[in-house]
Each structure stands twice: as structure tokens, then as C-alpha cells.
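# Turn this into a model:
(chains A and B)
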Amino acid sequence: MLIGIVVCFFCLQGYATSIDETNRYKKRVEGYRSMWESLMPTYTKLQYAGGMGLINSGFGWSYGKNNQWETDILFGIIPKYSSDNAKMTFTLKQNYIPWRKKLNDSFTFEPLECGLYFNTVFSDEFWTKEPDRYPKGYYNFSTRVRTHAFIGQRLRFNIPDKKRLFARSITAFYEISSCDLYIVSAFTNHLNPDDYLRLSFGLKFDIF
Amino acid sequence: MLEAHPYDAYVRGEKNLNGKNIQKITANLKDKKEFRFAFISDTQRWYDETEAMVADINKRGDIDFVIHGGDLSDFGATHEFILQRDIMLKFKMPWVALLGNHDCLGTGEDVFARVWGNPNYCFQAGNVLFICLNTNCMEYDYSEPVPDFSFLETLLKNLPESVEKTIVAMHVPPFDLEFNNNVANVFQLYLKEFPNLQFCMNGHAHHYKINEFFNDGILYYQTPCAKDRGYILFTINEEGYKHELIEY
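Residues are numbered from 1 along each chain as shown, chains lettered A, B, ... in the order given. Below is the predicted model of the structure:
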């Protein structure tokens, strides 16, 4: 008898907690969803050349008060050319777009875009840190990781509401860049600008 | 200005330069027993100095050919090789290049192979056999035979009768950290198998020096780097040879 009462008591209490738990669970799932939603990339990007790969594609996030910051994650391909095989690259790119000038309903001009990108190559031929066979500091640089600095300009085309398929706007851009290896050579020699500056073109598709 | 990657190994313009220039050297000096050549090395990222050197060598007007002892690039980046190639294409005489340890970085060796050719090669200038060897052992970590003794053996077995003397060029000299020092003595024994070995020459250490590593009378002439604005001029004649350090 006593056992029966105790079991009933616990069952009722369990029921009460489960109502409470369901609400909490729902809230937690909501929180979880909104956290991942906030991490959803806001655009996709295609970029040609610029020392990060011949063709590069990826996604990124616009943020900041006026969406003046953008962070890209790009994957690229270096064709085989005279080497043993084609190689894949990965680029982390940070863009800063301080000003925007609305030209008309369709076009917005961005007179300056600048930033940095870090590029790495997936290949055994390259190293981040010198292999152990070398004495420490023998070459003192990484063949795998490159740092590039760039400036460029962009033109945004706002797609009219009714004609939107997968993006609300498309931005075309060009960039002039240089990488660590080229900058050190440019400082110590009389080189032509096309020996250390690199041109690149791209398109950005704003999803939302 | 459009570039896939600093190490993309995309080569435009002149290729297989060693092959083309060896033909010219051999043809120009056929049956000659007296000639003069310049040994330059380590021009990496000293483009201004390399240009001055090319101008100086051209101005002399008495040099039959030029040998570059390697390290055309500093990082092994493709455009470094192209810049050096384009400067040295201004040589009025034929020229060949060796592979340096810096040239092996990244895709550097692939670019070298495309623009110049194999890292081990030989050619005949008059009655002299020139052997150009890859001695950058540490770069290969035993993945390839460096120095390549089978290359030397094959060469030794197929020597043309017109060869009367031998000169050996390499980037890294014996007993350098980069050399396979376990075989340094064996290497020297092999080299001495060649007809009338005159001397060896190397780059890599960036300053002018004459070494007699094995106490056997065979001298190793070490040429300065481009930064030091110097190179060695060798005159070969029937009596032997003369060398002169030129500073420009």
C-alpha cells in the first residue's frame, strides 16, 4: 500500500516536470536554430586569379553597422601547368568596404574595397613549417601559407524584387593585390609593377 | 598580371634553354682548344645586380658562354624564375643554368625542368667535357639519388673520344650541410675517373673562395653571389686554365 502511494506520487511529479521540460526544450531548440541561422552565409562569391587559385568559389558573411565588413571562405584550383598535378587551395579573406554611393535604383558604386587574405595549398610539395631535416630557420618562411593585401572597387546591381531568383543583388569587382614574397622583392629591386602586382576579378551574389 | 598562384608553375615564353644553348656552345667551340667562360651563381632576388652582371659580361666581348651555378630563385616561386630568365636572355652568348637548393622549393624544380631542363646534364665545349650536377641532397630527403652516381656511370661509359679534359659544376660543394656527406669521398673518386679532371666549381656559399676539400690537387672554385657583384672568368687553353675574379 505504502509502495503504491510512493509510486503514484513520483508518477504525478514526473508528469508535472515533463510539461515544464517540453517548454524548456522548445526554447532551447529555438535558441539553437537561431544561433545556427545567424551563422548562415549571406552571400556566395566567385573570384578569378589573384594568386589564390585560378578559379575560386565560396561563401561569406556581411556584417557591421553598414555591412562594411565581409569575411570570405574560398576554395580554389591551381591547374597542373608545368608541375606534377593540379592543386586545391583554401583562402580566408577579410574585406573592408568603407563607402557606398547609390547611383540609381539599380546600381550602387563602392569606390574602395581593401583587405587581406591568407591562402594555403593542399599539396605535399609545400610546408607550413620547415621539415625536420633542415636546421632551424634554414629557409625561414612557409612555402604553403601566403599573405596577400589588396585594394579594389565594386559595382552592385540590385535585382528588382520580381526578377529575383536566387540573389537580391550581384556585385562585380576587381582587385589589385600583392603577396608577401612579391612585396619583399619589390622593396629591394627596381621592378615593374606587373612583376609584383596581381589583378583579379570576381562576382558576389547576395542571397539575403 | 593575372596569376593563378605564386607557385602555379605556369611558364610562358622560352623553355628548354639548357638544351638549346648546349647545342650552340658545342657548335661554336667545335675543335677549339682555347676558350673563355664566366661562372656566375646565386642571383636570387638580386635582379638589379643580375642585370648589371649581364651588361658587364656582354660588354667584355671575349666570353664564349656563361654557366649559372644555381639559386635563380629565392622562394621557388614561378615568377622569380621568369624574371631571372628574362634578364639572362639578354646574354649575347649561350648560357646554361644549374639547379640550386632554393630552386627546389615548392614547385620550383618543376619550373626549372621546364625552363632549363634536367638537373643533371653535360655538354662538350671544344675538347672539354662539362658535367653539371644536382648536389642539393637535403632538398630530396633520399627520395631521389643526389648526387646521381648512375648518371655519372652512364656518362663515363659513353664518353666521346674527343673529350680530353673535364670540368665539374655544382651548386652545393662537398662537406656543406646540404650535400650528402656520407658519399663525399666516393663522389670525388667518381669525378676523378673522368679524363683529366681540371677543377670543380660551385656556388651556394655566396662568396669567392678556393677550396681543396680532398687534398688531392683538385680545386673547388666558389663564385660570389650577385649581391657581391662578382663572378669568376675561366680561360681554358692547351697549357691548362687560368681563373680571374671579376667585380663589376
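# which residues of chain B fall in strands?
With DSSP state E, the ranges of strands along chain B come out as B:35-40, B:65-68, B:95-97, B:121-125, B:128-133, B:165-170, B:197-202, B:209-211, B:220-222, B:230-236, B:241-247.
# now those as a markdown table including mean pLDDT, mean neighbour count and distance to residue B:3?
In this view, the C-beta of every residue, glycine as well, is placed from N, C-alpha and C. Output for these, formatted as a markdown table (pLDDT from 0 to 100; neighbours: other Cβ atoms under 10 Å in any protein chain shown; distance: least, Cβ to Cβ, whole Å):
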| stretch | mean pLDDT | mean neighbour count | distance to residue B:3 |
| --- | --- | --- | --- |
| strand B:35-40 | 98 | 22 | 28 |
| strand B:65-68 | 98 | 26 | 25 |
| strand B:95-97 | 98 | 26 | 23 |
| strand B:121-125 | 98 | 20 | 30 |
| strand B:128-133 | 98 | 24 | 30 |
| strand B:165-170 | 98 | 24 | 32 |
| strand B:197-202 | 98 | 22 | 33 |
| strand B:209-211 | 98 | 14 | 38 |
| strand B:220-222 | 98 | 21 | 35 |
| strand B:230-236 | 98 | 21 | 32 |
| strand B:241-247 | 98 | 13 | 36 |
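# Among those, which comes closest to chain A?
strand B:95-97 (15.9 Å; Cβ to the nearest Cβ).
# The closest one packs against which elements?
Contacts defined by 3 or more Cβ pairs under 8 Å, 6 or more residues apart in numbering or on different chains; DSSP states H and E place strand B:95-97 against helix B:17-28, strand B:65-68.
# Tell me which of those lies nearest to chain A.
helix B:17-28 (13.7 Å).
# Please identify the helix or strand for the residue minimising distance to the centre of chain A.
In chain A, the residue lying closest to the centroid (Cα atoms, centre = their mean) is residue A:72, at 1.8 Å. Per DSSP states H and E: residue A:72 is located in strand A:69-78.
# Report pLDDT for the nearest residue to residue B:146 once chain neighbours are set aside.
Once flanking residues are discounted, residue B:146 sits nearest to residue B:137: 4.4 Å by Cβ to Cβ, 6 or more residues apart in numbering or on different chains. You'll see residue B:137 listed with a pLDDT of 97.
# where do the helices sit along chain B?
B:17-28, B:47-60, B:78-88, B:108-115, B:137-140, B:149-157, B:184-192 (DSSP state H).
# Could you identify which of these is most buried?
Most buried of the helices of chain B, by mean neighbour count (mean count of other Cβ atoms under 10 Å in any protein chain shown): helix B:108-115, with a mean of 24.
# Off-centre distance for that helix?
15 Å (Cα atoms, centre = their mean, to the nearest Å).
# Averaged pLDDT, it. What do you get?
Throughout helix B:108-115, pLDDT has a mean value of 98.
# what about it, near chain A?
Yes - residues of helix B:108-115 contacting chain A under Cβ under 8 Å from any Cβ of the partner chain: B:110-111, B:113-114.
# quick one on the thing from earlier: pull up the pairing partners for the strand holding residue A:72, direction included.
Take DSSP bridges as the rule and strand A:69-78 pairs in its sheet with strand A:55-63 (antiparallel), strand A:87-96 (antiparallel).
# Pipe these into a markdown table and attach mean neighbour count per row.
A markdown table is the format used below for the strands paired with strand A:69-78 (neighbours: other Cβ atoms under 10 Å in any protein chain shown):
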| stretch | mean neighbour count |
| --- | --- |
| strand A:55-63 | 18 |
| strand A:87-96 | 19 |
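# looking at these, which is closest to residue B:1?
strand A:55-63 (16.6 Å; Cβ to Cβ).
# Put the alpha carbons of the closest one into CSV.
C-alpha atoms of strand A:55-63 as CSV (Å, rounded to 0.1, in the frame of the first residue of the first chain):
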residue,chain,number,x,y,z
ILE,A,55,39.1,29.8,-60.1
ASN,A,56,37.9,30.3,-56.6
SER,A,57,34.4,29.9,-55.1
GLY,A,58,33.0,30.1,-51.7
PHE,A,59,30.7,31.9,-49.4
GLY,A,60,30.9,34.6,-46.7
TRP,A,61,29.2,36.9,-44.3
SER,A,62,28.4,40.6,-44.4
TYR,A,63,28.3,42.3,-41.1
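# Give me the distance from it to the chain's centre.
In terms of Cα atoms, centre = their mean, the centre of strand A:55-63 is set 4 Å apart from its chain centre.
# check whether the top strand by length along chain A contacts chain B.
Using DSSP E to define each element, chain A has its longest strand at strand A:107-122. Yes - with Cβ under 8 Å from any Cβ as the criterion, chain B is reached by strand A:107-122 at A:119, A:121.
# returning to what we had before: would you turn the helices and strands packed on strand B:95-97 into JSON lines with distance to chain A?
Formatted as JSON lines, these follow (distance: least, Cβ to the nearest Cβ, whole Å):
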{"stretch": "helix B:17-28", "distance to chain A": "14"}
{"stretch": "strand B:65-68", "distance to chain A": "18"}
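# about what we covered before: tell me the mean pLDDT over the longest strand of chain A?
98.
# next one: stretch B:3-19
Per-residue pLDDT over stretch B:3-19 has a mean of 98.
# what's the answer for stretch B:80-88, then?
Taken as a whole, stretch B:80-88 has an average pLDDT of 98.
# low-scoring pLDDT stretches of chain A, where are they?
By pLDDT under 70, the weakly predicted segments of chain A are A:1-18.
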